[in-house]
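**Student:** Here is a sequence together with a model predicted from it:
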Amino acid sequence: MSNIAIRTEGLTKRYGSMAAVENLDLTVNRDEIYGFLGPNGAGKSTTIGILMDYIRPTNGHVRILGRNPQTDVVDVHDRLGILPDRYSLYDDLTARRHLEFVIDTKRVSDTPETLLDRVGLGDAVDQSVATFSQGMEQRLALAMALVGEPELLILDEPFTGLDPHGVRTVREIVHEESKRGAAVFFSSHVLGQVELVCDRIGILYEGRLVAEGSIEDLRTETGVGPDGTVEEMFVSVTDSSAGVEGTTEANR
Amino acid sequence: MRWSPLARKEARTVATSKGVWLLAILLVLWGYRPSYVGWDGLSTNITAGYVQVAGTVLLPLGVLLLSYQSVVGERTSGSVKFVLGLPLTRTDVLLGKVVGRTAGIAGPVSVAFLVIAGVGLINHGVFDPLLFLGTVMVTVLYIGVLVSMAVSISAVVSRTVTAAGAVFAGIFLPLVLFWTNISTTVFTQVTGVPVNPFEPPPSGLLFFLLRLSPAGAYHVVSNWLLGVGNSTNMYSHVLTKLQPQTSTNAYVVEATFPPGTVPVYLHEAIGLLVLFAWLVVPLGFARYHFTRGDAV
């Protein structure tokens, strides 16, 4: 079994003449927590959409857990969990029904209570989602991603709408899942959290990967100094297009 | 089936909605239509005829309204990201939607038919239960056809309002409400033969055109079960047409073709084939489109 959870080669998605993602080469290993960063509109959700086969690339190749997410969608999705961005839940269903839907489709024997306990929603099992706050919805969506002990977790902006407790819960769950052996790929623009969670980060800017590596590597590469924060690196690589090209070259 | 949980969720969502129960109530009120001609023709089995009345106009409208959002609604809200994130192909998603919605609508509608059965039993007496059940089953097939057509449209458009417009202007108006006018106009354009609805020409083509719509085929098959005559019109209309010395604008094979001259392709069983075609062909096109390109 290959050690690679996600690999894209030359991935490009164009809408008309506008490229949302351009020539993206990405490798995420099975033993790492990979933070996929970038400003709004950089193409993060488009990339995740392609990884999930929600949308189809204009060019390039994708392998998820060694398989083609387009042709082997059932096998791939059996083995991964997804927390999408800009989703909506089913207002007429309870939290339990949401989880049962995922559990039954994945044919696993998880219990909704256990999953909801993990995300701190143990007391809302039979509550209708229509009454949920944004943070509760986000916790439920995370619980849905955890169903079936996935080999790969794809979390699109997992900190959205969460209070500090929720943010910590996500962080803890990401670490737990990583310890269990799952690869975690998440996108975020909440940069402070990224440092605390990620083994490796990649920064996407205008559809291109402009920097990639461990936080230490990137401190050196971007020249922000040993105490530089992810925010400083982020600004340094997404500010000037000259710097962008330089970093891309340095990365290869 | 991998899509069974999706179908169950879909069925539950529809069956617990207010809309489908409102439809069920209206179907009872709309369907229960005692008539002398119906009683003369069917006696106590007029109760099974009520099912067909309920299946005319109101049922198709209700089913289409309850189905047109099924896919595009999830695409615009974003909940489709959960469904497509599950181990399901996009074809699975379409099948789960069609089967689930059909079940979710057929349940409450069957309750409405049970109420009609009870009212008929009390007011008219004991009817043939198999005939009644058969009529209900053909009507459930018709529901499945309409759901499949609406889901197909829902899967290929990108806006809810487009789906509503397409279902109304592409299915309800031409294929349910105005199919008779459309087919007689087409027939006259093609052959040059005018059609007087009171004395239609004994043309196989004309009568075949009339039964190509899902509504026409549904009436042919349910009239076949009821044994009233080979026609795309409502059973009571068919009975009226076949009465001596009456004139009405129904298209009834027995009233137009001399015995022994009826083309084989006007056999009622063809109506079943037409229904099956409407069940699978639009869905096939929708599948072709939906499995290619972007789903969100």
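**Tutor:** Cool, got the structure.
**Student:** ok and the residue in the stretch 101-250 of chain A nearest chain B?
**Tutor:** In the stretch 101-250 of chain A, the residue that lies nearest chain B is A:D104 (3.7 Å; CB to the nearest CB). Quick note: C-beta positions are derived from backbone N, CA and C, even for glycine.
**Student:** Just the local confidence number for the residue nearest the centre of chain B, please.
**Tutor:** Nearest to the mean C-alpha position of chain B, by CA atoms, centre = their mean, lies B:Y142 at 3.8 Å. B:Y142 is assigned a predicted lDDT (pLDDT) of 98.
**Student:** And it, which helix or strand is it part of?
**Tutor:** Following DSSP states H and E, one finds B:Y142 within helix B:129-156.
**Student:** So which other helices or strands are in contact with that helix?
**Tutor:** Helix B:129-156 makes packing contacts with helix B:46-54, helix B:58-67, helix B:72-77, helix B:90-124, helix B:160-167, helix B:214-226, helix B:269-290 when contacts are defined by 3 or more CB pairs under 8 Å, 6 or more residues apart in numbering or on different chains; DSSP states H and E.
**Student:** looking at the ones you listed, which is closest to chain A?
**Tutor:** With CB to the nearest CB as the criterion, chain A lies closest to helix B:72-77 of the helices and strands packed on helix B:129-156, at 4.2 Å.
**Student:** What are the buried residues along that closest one?
**Tutor:** Buried residues in helix B:72-77, counting neighbours by 16 or more other CB atoms under 10 Å in any protein chain shown, are found at B:72, B:74-77.
**Student:** can you list the residues of the stretch 51-200 of chain A near chain B?
**Tutor:** Where the stretch 51-200 of chain A comes near chain B, counting by CB under 8 Å from any CB of the partner chain, the residues are A:52-56, A:73-78, A:82, A:84, A:86-90, A:92-93, A:97, A:100-102, A:104-106, A:141, A:144.
**Student:** Mind checking which of these are buried?
**Tutor:** Buried members of those, counted by 16+ other CB under 10 Å: A:52-55, A:73, A:76-78, A:82, A:84, A:87-90, A:93, A:97, A:100-102, A:104-106, A:141, A:144.
**Student:** Spit out the contact partners of residue 212.
**Tutor:** Looking at chain A here, since you left the chain open. Taking CB atoms under 8 Å, 6 or more residues apart in numbering or on different chains, we find A:E212 in contact with A:200-203, A:218, A:251.
**Student:** nope, chain B please
**Tutor:** Going by CB under 8 Å, 6+ apart, B:L212 touches B:183, B:274.
**Student:** and with 7 Å instead?
**Tutor:** By CB atoms under 7 Å, 6 or more residues apart in numbering or on different chains, B:L212 lies in contact with B:V274.
**Student:** Next, work out how far apart it and chain A are.
**Tutor:** 36 Å (CB to the nearest CB, to the nearest Å).
**Student:** would that residue count as being in a helix?
**Tutor:** No: secondary structure of B:L212 (DSSP: H, G, I helix; E, B strand; the rest coil): coil, not part of a helix.
**Student:** State the pLDDT value of it.
**Tutor:** pLDDT, B:L212: 98.
**Student:** Repeat that for the one 3 residues further on.
**Tutor:** In this prediction, B:A215 carries a pLDDT score of 98.
**Student:** before we move on, back to that, buried ones among the contacts of A:E212?
**Tutor:** When the contacts of A:E212 are checked for burial by 16+ other CB under 10 Å, the buried set is A:200-203, A:218, A:251.
**Student:** So which residues of the stretch 101-250 of chain A form strands?
**Tutor:** With strands called from DSSP state E, counting those that start in this stretch, the stretch 101-250 of chain A shows them at A:152-156, A:183-188, A:200-205, A:208-213.
**Student:** Next to chain A, which bits of the stretch 151-296 of chain B? Give me the list.
**Tutor:** B:293-296 (CB under 7 Å from any CB of the partner chain).
**Student:** thinking again about what came up before, what about the residue lying closest to the residue nearest to the centre of chain B once chain neighbours are set aside, distance to B:V176?
**Tutor:** Nearest residue to B:Y142, sequence neighbours excluded (CB to CB, 6 or more residues apart in numbering or on different chains): B:Y218, at 4.5 Å. Relative to B:V176, B:Y218 is positioned 10 Å away (CB to CB, to the nearest Å).
**Student:** Settle this for me: the residue nearest to B:Y142 is touching B:L141, isn't it.
**Tutor:** No: taking contacts as CB atoms under 7 Å, B:Y218 lies outside contact range of B:L141: 8.1 Å.
**Student:** the more surrounded of these two?
**Tutor:** B:Y218 (30 against 21; other CB atoms under 10 Å in any protein chain shown).
**Student:** Let me know the pLDDT of residue 130.
**Tutor:** Chain wasn't specified; assuming chain A. Reported pLDDT at A:A130 in the predicted model: 95.
**Student:** um, chain B though
**Tutor:** Value for B:L130, per-residue pLDDT: 98.
**Student:** Strand A:183-188 and the longest helix belonging to chain A, what's the angle between them?
**Tutor:** Looking across chain A with DSSP state H, the single longest helix is helix A:164-180. Inter-element angle recorded for helix A:164-180 and strand A:183-188: 150 degrees (by axes from the mean of the first three to the mean of the last three CA atoms, to 10 degrees).
**Student:** who's in contact with the residue nearest to B:Y142?
**Tutor:** By CB under 7 Å, 6+ apart, B:Y218 lies in contact with B:55, B:138, B:142, B:275.
**Student:** where does chain A have low pLDDT?
**Tutor:** A:1, A:240-252 (pLDDT under 70).
**Student:** Find the centremost residue of it, please.
**Tutor:** Nearest residue to the geometric centre of chain A (CA atoms, centre = their mean): A:F186, 2.3 Å.
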